[in-house]
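J.: I'll drop the sequence and a predicted model, then ask my questions.
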Amino acid sequence: MISLLAVSAINFWLVEMLPGDAAERILGRNATPEGLALLREQMHLHLSAPERYWLWLSSLMKGDLGTSLVADRPVFGYIASRVANTALLSGFALLLYIPISISLGVITAIHRGRMADHVISGMVLVFMCLPEFVIGLLLISVFAIKLSWLPPLALIGQAKSFGELLQLIALPTITLVAAMSAYAVRMMRESLIEVLDSSYVLMARLKGMPTWRVLLFHALPNALGPAINITALNVAWMIGGVVVVEAVFEFPGIGRLMVDSIGHKDIPVILAISMIMTGAYIATNLVADLLIILFNPKLR
Amino acid sequence: MAALAAAPLSAVIPVPKAWAQTKTLRIAAGEADNATGTLDPAKSTNDPDAARTSLVFERLVVLDDTFAAVPQLAKSWESNATGDEWTFKLQEGVKFHDGEPLTAKHVIYTFKRLLDPKTASPGASSMATIDPAAITALDDLTVRFKLKKPTVEFPELIANRFTYILREGQPESELRTAAIGTGPFKVQRFVPGDDVSTFVKNENYWRPGLPKVDVVELRSIPEESARIAAIESGQIDLVWDLGRAGVAGLQQNPDVKVVRTRAPFVLTLSAWADTPPFDDVRVRQAMKYVVDREQMLQLVLRGYGNIGDDNPVAPWVKYALEAKTRERDVEKAKALLAEAGHPDGIDIELFTSETVPGFIEMATLYQAMASEAGIRVKINKAPANDYWSAVWLKQPFICSSWSGRGADDALAAPYLSTSEWNETHWKRPEFDAFIEKARATTDVAERTKLYQQAQQLLRDDGGAIISMFPDALAATRANVSGWKPHPQQSTKDFSQVEIG
């Protein structure tokens, strides 16, 4: 709670420091002094900054997120569909990310030093170095423009069936997965190698236990800890990284809304979104800590 | 969260079968369409707003591509001998989307509301010549405007983005998102800040056979590379606001048609004529003589445009001055600078930004050209999102642009002494007098002469370096016909567009 409050205060203050105000941004080049004054009055912008923050905070206490200055409609309804869209995209990405990073990590660790390891590790390194918008643009130019397999932009309003929706969000999902998996695969590989080299794994093998059993019941649970930590970091990254991916693919999500709202100095919307992002960040860290305790008997 | 995640799925639940046969035109604007969006013509500011209003509403008069007035909701018009009283006859049989017939009262309501200070429309000041109390209905289909000053170009003056005719009595709160007009399409869904607005065919549209598509989906795709990918892959049928580089790539693609219109869109470098060193006309002239206009056209616009001559009225527009283009003359520029007391040249700062395509290139190229004459330009690149509120009208030497306008508007809006948008601080009573007199002169030859005298004065003495007019560039899928961009940027007519 306290961190949420702190985030809202800091964000409010930061946005206040930006030059101009929402009225100027709306009227733009056609602004007249009378028009500006009228609009400022409507938006309560004639009040001082602390007064406005207090207004926002007190209505939040009553469960009201306020009204968007620019869209002139309640913030809740305004951001709800965007939050849902972003949750959908990140959900798909996480769903793919977990099995992909674990299996690639296992493959590289078992085949360490051999062809499969070199190829996968090489690709992972490439994805680690490329910023996500470059990955996104590469995917667009190959899969959408050259091969025309998939639509280039995630204009999800165009989808008329679930299958079409999947096609539309395929490229942004792959981009997110590629950027996130890179770190996780490396981390998985390192920790698994360490575990595989340990004496209790050697012991298990000497007992004649099949490799899959060794891996699944002895090595993996011990190697997962660092991978979960990385996943938590990745989710935190995704909350920010999704902004870039949404911009590249024109995806109508929370990240693009945040960028637009900052451009317009639409403070109620900015604060609501930052609250959600902070909440999501705190929640993932909590879940990750719990999972690590679950997998590591020493911490129980 | 689980309940929220299901929301987008509801949007993709199978739609009625009839949908599959409907012809949907998917269009994408370049300027961002976000929560500021509106359907209220009086508040219309950005490009998606212009597209929306022209789908739903119509005006009395529109401009053709040479900026001459042609009828739309007005069938004909005439003025008295002095040009301060204008009578418009309305089309018969025009109906609003709710069935209400178009009559004079709707026209009167529209203009009174537009000019009311409470509406705070950015368009009101340019039409201040209309006396809102003296707009009268002679009968159901005849409207008379009495003007405060004679205005010979009155039909052209009201052919702008703000004057779409509203339905009298529609509540203000509905106007923004659910407006009723007489136009070819009706609003189906428009929520400011959501990514798509949808419009459906007006079955009772008064012009027979139009419109030719059933549904129009409007969205904005601000990233140009994304917009190009969308038209190339067929996700979008029609885009505009394309850059020169993007168009060059599209020309190779057989599935896409590039459409271009020569437009009097002004790209200018504007200096304050009352601030040193620009307050000396010889310095201003030197700054104009250093420009190689052909090179500007080729390097900044890749040849997609026309050369300018420091005159905002493009040579093909009505009343344009026929002048020889100013040739580059570095020696003359140096001599002028020396004469003005700057034998070692001058140091100036030029503000530019990415807000308009071409600004950065124009500034960089100007810096290189000017340096040869001892004009040392320091380029200051300002953020794009608040360029018009933080830099424009606030800094003495900037990159600026003006959308395509007719001669009177192109001269008056930025250069009249009294204009709020006088971006060059250039104030000449003679210039104001030429414009004033031209507006009251009914004889065409005489009026042309006055407008040309004003242009000559501005060209020789003013603070604007106008070296080029970029074309309006757009693209459609190959199966789309009946559309090209209009040189008046805010006019977007999709009524004739056909698919397949």
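T.: Here it is on my side, so go on. Residues are numbered from 1 along each chain as shown, chains lettered A, B, ... in the order given.

J.: and the stretch 51-200 of chain B, which of its residues are near chain A?
T.: With CB under 8 Å from any CB of the partner chain as the criterion, the stretch 51-200 of chain B meets chain A at residues B:117-118, B:120-125, B:176, B:191-196. C-beta here means a position set from N, CA and C on the backbone, and glycine is covered the same way.

J.: again with the stretch 301-450 of chain B
T.: Counting by CB under 8 Å from any CB, the residues of the stretch 301-450 of chain B that sit close to chain A are B:Asn385, B:Asp386, B:Trp388, B:Ser389, B:Ala390, B:Trp392, B:Glu420.

J.: Am I right that the fifth one is in contact with B:Ala382?
T.: Yes - under the contact definition of CB atoms under 8 Å, B:Ala390 touches B:Ala382, with a separation of 6.7 Å.

J.: hang on, the earlier thing: and the residues of the stretch 301-450 of chain B next to chain A, which are buried?
T.: By neighbour count, with 16 or more other CB atoms under 10 Å in any protein chain shown, those hold B:Asn385, B:Asp386, B:Trp388, B:Ser389, B:Ala390, B:Trp392 as buried.

J.: which element follows the helix or strand hosting the third one toward the C-terminus?
T.: Looking back up the chat, that one is B:Trp388. Taking DSSP states H and E as the definition, B:Trp388 sits inside helix B:387-390. The helix or strand immediately downstream of helix B:387-390 is strand B:397-402, counting by DSSP H and E.

J.: Tell me which other helices or strands that following strand touches.
T.: strand B:266-271, strand B:346-352, helix B:359-371, helix B:407-415 (3 or more CB pairs under 8 Å, 6 or more residues apart in numbering or on different chains; DSSP states H and E).

J.: mind giving me a markdown table with these and columns for mean pLDDT?
T.: Shown next, in a markdown table, are the helices and strands packed on strand B:397-402 (pLDDT from 0 to 100):
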| stretch | mean pLDDT |
| --- | --- |
| strand B:266-271 | 96 |
| strand B:346-352 | 96 |
| helix B:359-371 | 96 |
| helix B:407-415 | 92 |
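
J.: Can you say which of those is nearest to A:Gln42?
T.: Closest to A:Gln42 of those is helix B:407-415 (CB to CB; 27.4 Å).

J.: Tell me the predicted confidence for B:Lys185.
T.: One thing to correct before we go on: residue B:185 is Phe, not Lys. B:Phe185 is assigned 97 on the pLDDT scale.

J.: ok, it to A:Ile193 distance?
T.: Counting by CB to CB, to the nearest Å, the gap from B:Phe185 to A:Ile193 is 64 Å.

J.: returning to that earlier point: among the helices and strands packed on strand B:397-402, which is nearest B:Ala440?
T.: Checking these against B:Ala440 by CB to CB gives helix B:407-415 as the closest, at 11.9 Å.

J.: Restricting to C-alpha, output that closest one in CSV.
T.: Only the C-alpha atoms of helix B:407-415 are listed here, as CSV (Å, rounded to 0.1, in the frame of the first residue of the first chain):
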residue,chain,number,x,y,z
ALA,B,407,-4.5,32.4,-51.8
ASP,B,408,-6.4,34.7,-49.3
ASP,B,409,-6.1,32.3,-46.4
ALA,B,410,-2.5,31.4,-47.2
LEU,B,411,-1.5,35.1,-47.1
ALA,B,412,-3.8,36.3,-44.3
ALA,B,413,-3.4,33.5,-41.6
PRO,B,414,0.3,33.8,-41.2
TYR,B,415,1.2,37.3,-42.4
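
J.: Which strands and helices lie in contact with the helix or strand that it is followed by?
T.: Sequence order places helix B:429-439 as the next helix or strand after helix B:407-415, per DSSP H and E. For helix B:429-439, the packing partners by 3+ CB pairs under 8 Å, 6+ apart come out as helix B:407-415, helix B:444-461.
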